[in-house]
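Engineer: let me see the structure of the following:
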Amino acid sequence: MLKYYNKLKFIPALLLLLSSFFLLPSCNKEFDSAGGEITPGGSGQTIKEIIDGNASYSILKAAITRAGLSAALNTEGATFTVFAPDDAAFAASGVSLALVNGMPLAQLTSILQYHVIPQTLPSAAIPTSFPNVQMPSLINLSAPFFKLSNFPSKRGAALYVNNIPVTQADIIAKNGVMHKVAALVSPPSLVLLQIIGADPDLAYFNAAIAKADEGSTGLSKFGGADGLLAYAPVNFTVFAPTNTAFQTALTGLIYNYLVNVLMVPPATALVQATALASTPAVFSNPALAAVLTPTTVKGILAYHMLGSRAFSVNLPSATTLISPTLLNGSISSHPGIKMRATFVGPVVTGFTLTSQVLTPGGVIDGPVANMVSKDGHAVNGIVHKIDGVLIPLPL
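Structural biologist: Numbering: from 1, shown residues only. Next comes the predicted model:
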C-alpha cells in the first residue's frame, strides 16, 4: 500500500500545471457521405417490403405499423439505413409483441426512429478509426435542438451500432440498406450528470465534481444544470472511479501530504489519512484545502474523460495509447491513457486502463484501473465505472 502512496508524491505540482486548465472541444467523427453512399437496388424491394416478407421480423413489422413509419420506409425515392432487430433481438432485449403493442406510442416511435439513419450507410463506409462515427438518427431533440445520434463502428470483421453487434450487414433495398442487429438499440434519455448523480457508488465522483467547479461558471464547470456534463450536444466518455477507488487514492494522497509537507509521523499519518478519506466530505474539508484544490481536482477528473463517445466495444483489444483526454486542454504534451479491452466474441468482458506518468526520465506506466461496469449510455456520452483513480502525475 505504501508503494502506491509514494507514487503520489508529485501531485502538489499538478496545481501549477493546471492553473490554466480549460476543456477541449468534444466530438465524434461525422460520416462523410461523399464516396460512402451505395446505389440502392438489391432485391428490388423497399426496406418495408423486405421486413414484411421475412417472418423473423414480425415484431418489427408490428412496431413499424403501429408507429406510423410504414409509408416512409416504403418510399422508393428516399434513402435510409435501418438497424433492424429481428424477433430474436427483441426477445434478447426483453421486449415482446405484447409489450410493443402496449407501450406508449411516443416511446415506441422514438425507439424505432433511433434505429433509422436518413441516409445510406453500407458497412464498407463505416471506418475502423477510434472510437466510431457519429450518425444523426430520425429523433429530433429540443432545448437545445439537435438530432440524437447513434454511433456505428467497425473492429476487424465485427460491425456495431453503439455497443450492439450487427449480425448481418448490407441487406440492400431500393431505398437504402438494412443491418440486422443482435438487440434493440435503445435511445438514451438522461444526460451524463443525471446518470452519475443517481449512482450511490459514485458519491465521491459527484463530490469531486462539486469541488472542481468551485469558482467556475457555465461550460467551464462539469456539474450543474449549465455545466458540461449536463450539456446535451457534446460527446464525452467518462471513466468514473467508484467510491472504494477514490477512498484508496485519496488515502494515499493525504498520507503523502501529511508525511512530506506537514511532517506527521508515518504511522499517525496513515490513521489520519484513512479517516479523512472515509467519506465524500473529504473534498470539502478545510484542513485539506491546500492539497485538494479545485484546480487539482478538476485536473484529475479531466484525466478520466475523453472528448468523444467510446463504447466498450470501441476500445482496443491490444494495449494502445489513447490521446487526448480533457487534461490535454491544459497539458498539451500529456501522452494520454493506455487502454486494453478483453473481448469474448463480439462482447467486451473487461478492460484495463493504465495512467501515464510524466517523469524527468520520460513517461512511465502509473496506477492501473479495471472495468467495474460499462456502457452507461447518456444523451451526451458514455459512463464506464472503474476500480481505480488515474492520476497523471506531472513533473
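Engineer: in the stretch 251-395 of the chain, which segments are predicted with low confidence?
Structural biologist: 393-395 (pLDDT under 70).
Engineer: repeat that for the stretch 101-250 of the chain.
Structural biologist: 142-145.
Engineer: quick one: the helices in it, in order.
Structural biologist: Here the stretch 101-250 of the chain has its helices, by DSSP state H, counting those that start in this stretch, at 105-114, 192-197, 203-212, 243-260.
Engineer: nearest to residue 171, of these?
Structural biologist: Minimum separation from residue 171 across the helices of the stretch 101-250 of the chain (C-beta to C-beta) falls at helix 105-114, 17.1 Å. Backbone N, C-alpha and C define where each C-beta goes, glycine included.
Engineer: list the buried ones in the closest one?
Structural biologist: Buried residues in helix 105-114, defined by neighbour count with 16 or more other C-beta atoms under 10 Å: 108, 109, 110, 111, 112, 113, 114.
Engineer: same question for stretch 359-366.
Structural biologist: For stretch 359-366, by 16+ other C-beta under 10 Å, it's residue 366.
Engineer: who does residue 152 bridge with?
Structural biologist: On the basis of DSSP bridges, residue 152 is bridged to residue 161.
Engineer: wait, it sits on residue 121?
Structural biologist: Yes. With contact defined as C-beta atoms under 8 Å, residue 152 reaches residue 121; the gap is 6.6 Å.
Engineer: need the residues touching each of those two.
Structural biologist: Common contacts of residue 152 and residue 121 (C-beta atoms under 8 Å, 6 or more residues apart in numbering): residue 135.
Engineer: before we move on, back to that, and the helices of the stretch 101-250 of the chain as a markdown table, adding distance to residue 158?
Structural biologist: Formatted as a markdown table, the helices of the stretch 101-250 of the chain follow (distance: least, C-beta to C-beta, whole Å):
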| stretch | distance to residue 158 |
| --- | --- |
| helix 105-114 | 21 |
| helix 192-197 | 26 |
| helix 203-212 | 31 |
| helix 243-260 | 30 |
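Engineer: closest to residue 387 out of these?
Structural biologist: Short answer: helix 243-260, nearest of the helices of the stretch 101-250 of the chain by C-beta to C-beta, at 5.3 Å.
Engineer: apart from its neighbours in sequence, what residue is nearest the residue of the chain positioned farthest from its centre?
Structural biologist: In the chain, residue 265 marks the outermost C-alpha relative to the chain mean, sitting 42.1 Å out by C-alpha atoms, centre = their mean. Excluding its sequence neighbours, the residue lying closest to residue 265 (C-beta to C-beta, 6 or more residues apart in numbering) is residue 259, at 7.9 Å.
Engineer: rewinding a little: any idea which of the buried residues of helix 105-114 is the one closest to residue 383?
Structural biologist: Distance to residue 383 across the buried residues of helix 105-114 (C-beta to C-beta) is lowest for residue 114, with 19.0 Å.
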